[in-house]
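*Asks:* Just a sequence and a predicted model for now, questions to come.
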Amino acid sequence: MSILVAALYKFVSLPDYEDLQQPLLSCCRENDVMGTILLASEGINGTIAGPPEGIRNVLGFLRSDERMTDLVHKESWSEESPFYRMKVRLKREIVTMGVPEIDPNETVGTYVDAQEWNDLISDPNVVLVDARNDYEVAIGTFKGAIDPHTKSFRELPDWLRGQFADRANTKVAMFCTGGIRCEKSTAFLRSEGFDDVYHLRGGILKYLETVPEDESLWEGECFVFDQRVAVKHGLEQGSYDQCFACRMPISEEEMQSEMYVKGVSCPHCYDEHSEERKKRFADRQKQIELARQRGEQHIGATR
């Protein structure tokens, strides 16, 4: 596998974030790096993929800014690029929670390294909360974790406000894919009066990378926001595909359903789209397959 995938984020004050957009985009393009990076006044967040030397050059470019010299990233490998273009976007938040007064640069929960995570969540007095959305939780989570059943990260604050009446004495541990949502989630909990709050440093990805499978308390696979769809222990590519029509992860069993048509529908969305829309999806999938037969890469190919 020759494509290096790097996931990165950092909450840091970047009042000039708009000025960083074009130089960063140029650096990525010059190094054949693809993916998406978000810039906001509160920091940077993204996942990029490309040749190892190109990824190192982009990370070096970012760390040449004295505000990001300690930027941490997580690596994995892919047989082909999980992205088809490079985007550097300007946003209000690098992860949208919708509570603008929350600043993880000021206060967050206590970080817990992957090697100590099992001990923490095995404590019967700890309430373990999955900070991800329902479709992510559906394919894998930690044993005993509470699923808030949220459709988007914006819904999590209201869910949290409705839980845990005894805030001063409730010990909460939270986790997410790479750690970024937990930074905001635990900062939010601290602002709501919770004192005993913890989160998994580096997220599920760091846990799956470093904790041996025979010692793991993780069950299933981990959804990722690129063309790999999901990863397993050791960050190996998982068994899930993704439905183009509804973006839900779909299992091998679901792909055997008569409601599954590649690029058109799956058991999650079969009854949600009109026949006209399904026809558009089918025409698009046909163009993707024709492009592959010609040895070309269709710009909107799903996998």
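*Replies:* Great, that's in hand. Numbering: from 1, shown residues only.
*Asks:* Which of the helices or strands spans the nearest residue to H73 once chain neighbours are set aside?
*Replies:* Distance criterion C-beta to C-beta, 6 or more residues apart in numbering; nearest residue to H73, sequence neighbours excluded, is L8 at 4.0 Å. Bear in mind the C-beta positions are built from the backbone N, C-alpha and C, glycine included. Secondary-structure assignment from DSSP states H and E places L8 in strand 3-11.
*Asks:* Toward the C-terminus, what is the element adjacent to that strand?
*Replies:* Following strand 3-11 toward the C-terminus (DSSP H and E): helix 17-30.
*Asks:* Can I get that next one in CSV? Just the C-alpha atoms.
*Replies:* C-alpha atoms of helix 17-30 as CSV (Å, rounded to 0.1, in the frame of the first residue of the first chain):
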residue,chain,number,x,y,z
TYR,A,17,-7.1,31.7,9.0
GLU,A,18,-8.4,33.2,5.8
ASP,A,19,-4.9,34.1,4.7
LEU,A,20,-3.7,30.5,5.2
GLN,A,21,-6.2,29.0,2.7
GLN,A,22,-4.4,29.6,-0.6
PRO,A,23,-0.8,28.9,0.6
LEU,A,24,-2.0,25.6,2.2
LEU,A,25,-4.0,24.6,-0.9
SER,A,26,-1.0,25.3,-3.2
CYS,A,27,1.3,23.3,-1.0
CYS,A,28,-1.1,20.3,-1.1
ARG,A,29,-1.5,20.5,-4.9
GLU,A,30,2.3,20.8,-5.4
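*Asks:* And the strand holding L8, what does it pack against?
*Replies:* Under the contact criterion of 3 or more C-beta pairs under 8 Å, 6 or more residues apart in numbering; DSSP states H and E, strand 3-11 touches strand 43-50, helix 52-63, strand 73-78.
*Asks:* make it 10 Å
*Replies:* The helices and strands touching strand 3-11, judged by 3 or more C-beta pairs under 10 Å, 6 or more residues apart in numbering; DSSP states H and E, are strand 34-40, strand 43-50, helix 52-63, strand 73-78, helix 180-191, helix 203-210.
*Asks:* How far off centre is the next helix or strand after the last one?
*Replies:* Yep, that's helix 203-210 we're talking about. Next helix or strand after helix 203-210 toward the C-terminus (DSSP H and E): strand 218-220. Distance of strand 218-220 from the chain centroid (C-alpha atoms, centre = their mean, to the nearest Å) equals 16 Å.
*Asks:* Partner strands of the helix or strand following strand 218-220 and their direction?
*Replies:* Downstream of strand 218-220, the next assigned helix or strand under DSSP H and E is strand 222-223. Partners of strand 222-223 in the sheet, by DSSP bridges, are strand 230-231 (antiparallel).
*Asks:* Mean neighbour count, distance to A230 and mean pLDDT added to the helices and strands packed on strand 3-11, as CSV?
*Replies:* Below are those laid out as CSV (neighbours: other C-beta atoms under 10 Å; distance: least, C-beta to C-beta, whole Å; pLDDT from 0 to 100):
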stretch, mean neighbour count, distance to A230, mean pLDDT
strand 34-40, 21, 18, 96
strand 43-50, 24, 14, 95
helix 52-63, 17, 22, 98
strand 73-78, 19, 12, 86
helix 180-191, 24, 17, 95
helix 203-210, 22, 11, 94
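*Asks:* Distance to S2 added to these, as TSV?
*Replies:* Below are these laid out as TSV (distance: least, C-beta to C-beta, whole Å):
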stretch	distance to S2
strand 34-40	14
strand 43-50	10
helix 52-63	8
strand 73-78	8
helix 180-191	27
helix 203-210	19
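*Asks:* hmm, back to that, quick one, the strand holding L8 and helix 203-210 angle?
*Replies:* 130 degrees (axes from the mean of the first three to the mean of the last three C-alpha atoms, to 10 degrees).
*Asks:* Within the sheet, what are the partner strands of strand 3-11, with directions?
*Replies:* Under the rule (DSSP bridges), strand 3-11 has strand 43-50 (antiparallel), strand 73-78 (antiparallel) as partners.
*Asks:* Give the buried residues for the lowest-mean-pLDDT helix or strand in the chain.
*Replies:* When each helix and strand of the chain is scored by mean pLDDT, DSSP states H and E, helix 275-293 comes last, with a mean of 83. When neighbours are counted by 16 or more other C-beta atoms under 10 Å, the buried residues of helix 275-293 are found to be K278, F281, R284, Q285, I288.
*Asks:* now, which of those residues sits nearest D196?
*Replies:* F281 (48.0 Å; C-beta to C-beta).
*Asks:* Give me the phi and psi for the residue lying closest to that closest one once chain neighbours are set aside.
*Replies:* Of all residues not flanking F281 in the chain, V264 sits nearest, at 4.4 Å (C-beta to C-beta, 6+ apart). Note on V264: its backbone torsions stand at phi -120, psi -50 [degrees, to the nearest 10].
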